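Enquirer: Build me a model from this:
(one chain, ligands or ions: 2)
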Amino acid sequence: MARAAPAQKVPRVLRLLGGREDDAASDQGAPIVELSGVCKNYVTGPEPVRALIDVELRISVGEFVAVIGASGSGKSTLMNILGCLDRPSSGDYLLGGVSVGARSVDERALVRNRMIGFIFQGFNLLPRTTALENVELPLVYRGTPRRQRRRMALEALAQVGLIDRALHRPNELSGGQQQRVAIARALVTRPPLLLADEPTGNLDSKTTGDVLDLLERLVQEERITLVLVTHEDDIAARAHRVLTVRDGRIERDSPNHTPPPPLTRPADGLESGR
Ligand code: ADP
Ligand code: MG
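Expert: Ligands and ions are numbered 1, 2, ... in the order given. Sure, this is the predicted structure:
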């Protein structure tokens, strides 16, 4: 099975939205995410909830950033804005150098489909659908022809070590395998930015280690930028950088000086079968 090309190119969508032809966002060290003065207010009751307050954040291509903080501090709100699921109430969001914060619903859907992969705690796989079809789904939305779709989905499943489970349904897979299918689904569109909100929250510690090894390998080998919410210190310790969110503000932004532990898996895919 051929492996996908390693370099993450800036998708053409950014050019469609007004980005420059010589966009630098595919280069290691160039900014992929730039938030300036970002606020998010939720207006439900008489008093608006100030979920994010004046957030300044710059994330470079190829970084692995952990986001920690108490429940209700604004972590998911931040992820929803980074993922173009929601818009800032004020402030700017540049993704790959292109302003995306104030885009229409359709434009944000396009940016999500081309630029961003999501991994959730609950896996969010379609239950009566095979692993292969689950992974193909983002390509269906994109209108990729069937044969190409199948080939790309099989490549993504191979990348997470699950090629031999392609025709299994989620209930025939372990939790760790389901999360690896979800990672394959997030990767199949080759997004430069991967967002994970407590991705190992439902997994045991051994399986958590496997999933983190996989995510770390993607950051190292594919130059994917990873932003991962976690409440576990040992997971945050594996990131390059840790953001602490408190009451809607980034209270701390600290580099992790401890080098990450060596990969425990061979470079050509996780072993499957667990
Ligand atoms: P975390 O993910 O860190 O637990 P959230 O970003 O989910 O925090 O929430 C931040 C704050 O915004 C909380 O006070 C929460 O109650 C509020 N909040 C989140 N989503 C909504 C919403 N859709 N409507 C109103 N308030 C919300
Ligand atoms: Mg949350």
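
Enquirer: who are the neighbours in contact with Pro31?
Expert: If you count contacts by C-beta atoms under 8 Å, 6 or more residues apart in numbering, Pro31 has them with 25, 58-61, 94, 97. Using the backbone N, CA and C atoms, a C-beta is placed for each residue, glycine as well.

Enquirer: Go again with 10 Å.
Expert: 24-25, 57-61, 63, 94-97, 225 (C-beta atoms under 10 Å, 6 or more residues apart in numbering).

Enquirer: could you pull out the helices for the chain?
Expert: Listed in chain order, the helices of the chain (DSSP state H) span 12-16, 75-82, 105-115, 131-142, 146-159, 175-187, 205-222, 233-236.

Enquirer: still on that earlier bit, pull out the buried residues from the contacts of Pro31.
Expert: Buried subset of those (neighbour count, 16 or more other C-beta atoms under 10 Å): 25, 57, 59-61, 63, 94-97, 225.

Enquirer: List just the nearest of those residues to Gln121.
Expert: Using C-beta to C-beta, Thr225 comes nearest to Gln121 of the buried ones among the contacts of Pro31, at 20.1 Å.

Enquirer: quick one: the closest one from Pro88, how far?
Expert: Thr225 is 19 Å from Pro88, where distance means C-beta to C-beta, to the nearest Å.

Enquirer: With adjacent residues omitted, what lies nearest to the residue in the stretch 1-150 of the chain positioned nearest to ligand 2?
Expert: Of all residues in the stretch 1-150 of the chain, Ser76 sits closest to ligand 2, at 3.2 Å by C-beta to the ion. Distances taken as C-beta to C-beta, 6 or more residues apart in numbering put Asp197 closest to Ser76, at 6.0 Å, once the chain neighbours are dropped.

Enquirer: residues contacting the one you found?
Expert: With contact taken as C-beta under 10 Å, 6+ apart, Asp197 is in contact with 67, 75-76, 78-80, 83, 118-122, 227-230.

Enquirer: and it, bridged to which residues?
Expert: Phe120, Val229 (DSSP bridges).

Enquirer: was I right about Gly72 contacting Val49?
Expert: Yes. Using C-beta atoms under 10 Å, Gly72 is in contact with Val49, at 9.4 Å.

Enquirer: Now do the shared contacts for the two.
Expert: Residues touching both Gly72 and Val49 (C-beta under 10 Å, 6+ apart) are Gly248.

Enquirer: Pairing partners for the residue in the stretch 151-274 of the chain that ligand 1 sits nearest to in the sheet, please.
Expert: Using C-beta to the nearest ligand atom, the closest approach of the stretch 151-274 of the chain to ligand 1 is made by Val245 at 6.3 Å. Using DSSP bridges, the bridge partners assigned to Val245 are Ile250.

Enquirer: Flag every residue of the stretch 51-200 of the chain that's near ligand 1.
Expert: 51, 69, 71-77 (C-beta under 6 Å from any ligand atom).

Enquirer: Of those residues, keep whichever come out buried.
Expert: Applying 16+ other C-beta under 10 Å to those, the neighbour count classes 51, 69, 73-77 as buried.

Enquirer: picking up where we left off before, of all pairs in the contacts of Asp197, which one is the farthest apart?
Expert: Greatest spacing in the contacts of Asp197, by C-beta to C-beta: Leu78 and Gly122 (19.0 Å).

Enquirer: what about the two, which has more around it?
Expert: Leu78 (28 against 13; other C-beta atoms under 10 Å).

Enquirer: from memory Leu78 sits against Ile250, does it?
Expert: Yes. Taking C-beta under 10 Å as the definition, Leu78 is a contact partner of Ile250 at 8.5 Å.

Enquirer: who touches both of those two?
Expert: By the contact definition C-beta under 10 Å, 6+ apart, Leu78 and Ile250 are jointly contacted by 35, 52, 55, 57, 67, 69, 243.
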